[in-house]
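> need a structure here:
(one chain, ligands or ions: 2)
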Amino acid sequence: MNIGLTGGIASGKSTVSNMLVQRGALLIDADRIAREVVAPGSPVLQKVAERFGSEVLLPDGTLNRKKLGELVFGNPQALQDLEGLMHPSIRALMRERMEYYEHNHPDKLVVVDVPLLYESGLEAMYEAVVVVYVPRSVQLERLTARDGLSHEQAERRLNAQMDIELKKTRADIVIDNQGGLSQTEGQVDRLLKERGLL
Ligand SMILES: CC(C)(COP(=O)(O)OP(=O)(O)OC[C@H]1O[C@@H](n2cnc3c(N)ncnc32)[C@H](O)[C@@H]1O)[C@@H](O)C(=O)NCCC(=O)NCCS
Ligand SMILES: Nc1ncnc2c1ncn2[C@@H]1O[C@H](COP(=O)(O)OP(=O)(O)OP(=O)(O)O)[C@@H](O)[C@H]1O
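Ligands and ions are numbered 1, 2, ... in the order given. Modelled structure (predicted):
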């Protein structure tokens with residue numbers, strides 16, 4: 001069984017996926033894969049530097065994520081170009097890992113944490129989609145607190161994604177993460193029990 005886990009930025013996807021891993025699930029994390037494909041020396045990083053200029057590289061050859069974030073969030077064409085360079089490699093690695101787990105651990109629950117699951121139209125890859133939900137105001141609060149972004153920078157990131165209320169209406173399962181962590185844990189346990197997942 002696999003589930004796609006999504007939500008909005010800072011809605012709590014990593015928090016919930018950690019809870020699932022603690023209970024025995026295997027995790028594929030699209031944000032982590034997105035970092036792997038732009039590792040120093042990779043062909044994708046080279047293309048990103050060609051498109052956005054060497055200012056998006058740090059002196060040690062790694063990606064200057066803060067700089068690139070400033071260039072793409074708030075500029076839809078730039079974001080689309082970046083996605084065009086990165087998404088094919090991200091998708092290929094995700095599929096490869098899903099197949100590996102399906103073959104080698106067929107009895108395990110595989111959780112695939114994908115921030116842009118609905119935006120990329122790949123729902124069909126998953127047997128069920130879980131949306132980790134908080135209202136927009138809580139996303140903004142937690143995002144500025146966690147990443148030290150200004151209110152304006154946080155708004156720009158939020159505006160680059162599909163509205164979380166729409167994601168909630170499309171979900172097979174909603175985990176409401178507005179309350180405390182123990183309330184969220186209770187929902188995770190209920191979900192696993194009701195669906196017989198672990
Ligand atoms: C622009 C980058 C370098 C900024 O890096 P930074 O370390 O500041 O952010 P990080 O990668 O940790 O992403 C944090 C969150 O931003 C949001 N986000 C990232 N990329 C996008 C995007 N293309 N569209 C909308 N939201 C996005 C997601 O909610 C993600 O969880 C980075 O986000 C990136 O490489 N984005 C393009 C790849 C991509 O689409 N990743 C999304 C998941 S596959
Ligand atoms: N129930 C909760 N109560 C209070 N704080 C929380 C709760 N859940 C998550 N947080 C905090 O909110 C922030 C965002 O959570 P998390 O990193 O899990 O979100 P995310 O959806 O994975 O983010 P991103 O989209 O950037 O990958 C973190 O600082 C986390 O510690």
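
> Is there any residue in stretch 186-198 that contacts ligand 2?
No. On the criterion C-beta under 6 Å from any ligand atom, stretch 186-198 is out of touch with ligand 2, staying 10.4 Å away. For every residue, glycine as well, the C-beta is placed using N, CA and C.

> And the pLDDT for the spatially most distant residue from the centre of the chain?
Ranked by distance from the centre of the chain (C-alpha atoms, centre = their mean), the top residue is Pro59, with 27.6 Å. On the pLDDT scale, Pro59 is placed at 96.

> Backbone torsions only: list them for it.
phi -50, psi -30 (degrees, to the nearest 10).

> same deal with Asn177?
Backbone geometry at Asn177, expressed as degrees, to the nearest 10, gives phi -110, psi 30.

> what's the neighbour count on the residue lying closest to it once chain neighbours are set aside?
Once flanking residues are discounted, Asn177 sits nearest to Gly12: 3.8 Å by C-beta to C-beta, 6 or more residues apart in numbering. The number of residues packed near Gly12 is 24, by other C-beta atoms under 10 Å.

> what pLDDT does Gly12 get?
For Gly12, the model assigns a pLDDT of 98.

> Ok, the one 5 residues further on next?
At Ser17 the predicted local confidence, pLDDT, stands at 98.

> cool, and the one 4 residues further on?
The predicted local confidence for Val21 comes out at a pLDDT of 98.

> now it, what's its secondary structure?
Secondary structure, DSSP: H, G, I helix; E, B strand; the rest coil: Val21 is helix.

> After the longest helix seen in the chain, heading C-terminal, what element do we hit next?
Using DSSP state H to define each element, the chain has its longest helix at helix 76-104. Using DSSP states H and E, the helix or strand that follows helix 76-104 towards the C-terminus is strand 110-113.
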